[in-house]
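Student: Using only what follows, build the 3D model:
(2 chains)
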Amino acid sequence: GDSVTQMEGPVTLSEEAFLTINCTYTATGYPSLFWYVQYPGEGLQLLLKATKADDKGSNKGFEATYRKETTSFHLEKGSVQVSDSAVYFCALSDLGGATNKLIFGTGTLLAVQP
Amino acid sequence: ETGVTQSPTHLIKTRGQQVTLRCSSQSGHNTVSWYQQALGQGPQFIFQYYREEENGRGNFPPRFSGLQFPNYSSELNVNALELDDSALYLCASSRGTSGSAEQFFGPGTRLTVL
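Tutor: Prediction:
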């Protein structure tokens, strides 16, 4: 079945450092790909998405490119802030499925130190 | 526009009891999905309701059941609670079931089973 694998955390960075969180997927269909963020004690917020190969999703300085050839959707940010500290989830949704259920990775905790 | 709301925020039950969790979807959304997020894990899809009918189900036993009402709000019922049911339960609503339809998440209900 479809699945998402993302790098394990925690990832600890200093403020203004460059961030990469790796995400790869396995899917039989043509998925949409998402990054969600979860701040402590809160639900999930959509950070960015891409619906087809070579699309780049971007939001709040974060970006990720849908790479079909490497089945990847790595999250990047050029300069992280303390306020970016959260858990980041990579997810997919099968465009051809009966539902838009999301399949999530296990999450990556990002801790940014001042 | 009111976002997705869930009640209660926290709940403590004992093994064998039954619990009902509630979710109000975002205005204009006719689809509700429920997810279980165990500590340190990504959310797992439980089921989805579309126009008051179950539209898809994940790998959860029948003691997990749900309802969707004409106003598109939803309930998740869990019977015969087990210790492993302790988790954050997330509700998400969307406009339709297409794989590209963005899901908006509520803050979740934290269930503890003793």
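Student: OK, contacts around the residue nearest to A:Cys23 when sequence neighbours are not counted?
Tutor: Leaving aside its sequence neighbours, A:Cys23 sits nearest to A:Cys90 (C-beta to C-beta, 6 or more residues apart in numbering or on different chains; 3.5 Å). (Each C-beta comes from the backbone N, C-alpha and C, glycine too.) Going by C-beta atoms under 8 Å, 6 or more residues apart in numbering or on different chains, A:Cys90 touches A:4, A:6, A:21, A:23, A:25, A:33-35, A:73, A:75, A:104-105.
Student: ok, and the most crowded of those?
Tutor: Using other C-beta atoms under 10 Å in any protein chain shown as the neighbour criterion, A:Phe73 leads those with 29 neighbours.
Student: For that residue, grab phi and psi.
Tutor: Backbone dihedrals for A:Phe73, given as degrees, to the nearest 10, come out at phi -150, psi 70.
Student: same thing with B:Ser27?
Tutor: When read as degrees, to the nearest 10, the backbone of B:Ser27 gives phi -50, psi 130.
Student: That one against B:Thr2, yeah?
Tutor: Yes: using C-beta atoms under 8 Å, B:Ser27 is in contact with B:Thr2, at 5.9 Å.
Student: A:Asn100: neighbour count?
Tutor: A:Asn100: 26 neighbours (other C-beta under 10 Å).
Student: before we move on, the earlier item: now the common contact residues for B:Ser27 and B:Thr2.
Tutor: Joint contacts of B:Ser27 and B:Thr2 (C-beta under 8 Å, 6+ apart) do not exist.
Student: The spatially most central residue of chain B - nearest residue in space that isn't next to it in sequence?
Tutor: Centroid-nearest residue in chain B: B:Trp34, 3.0 Å away (criterion: C-alpha atoms, centre = their mean). Once flanking residues are discounted, B:Trp34 sits nearest to B:Ile46: 4.3 Å by C-beta to C-beta, 6+ apart.
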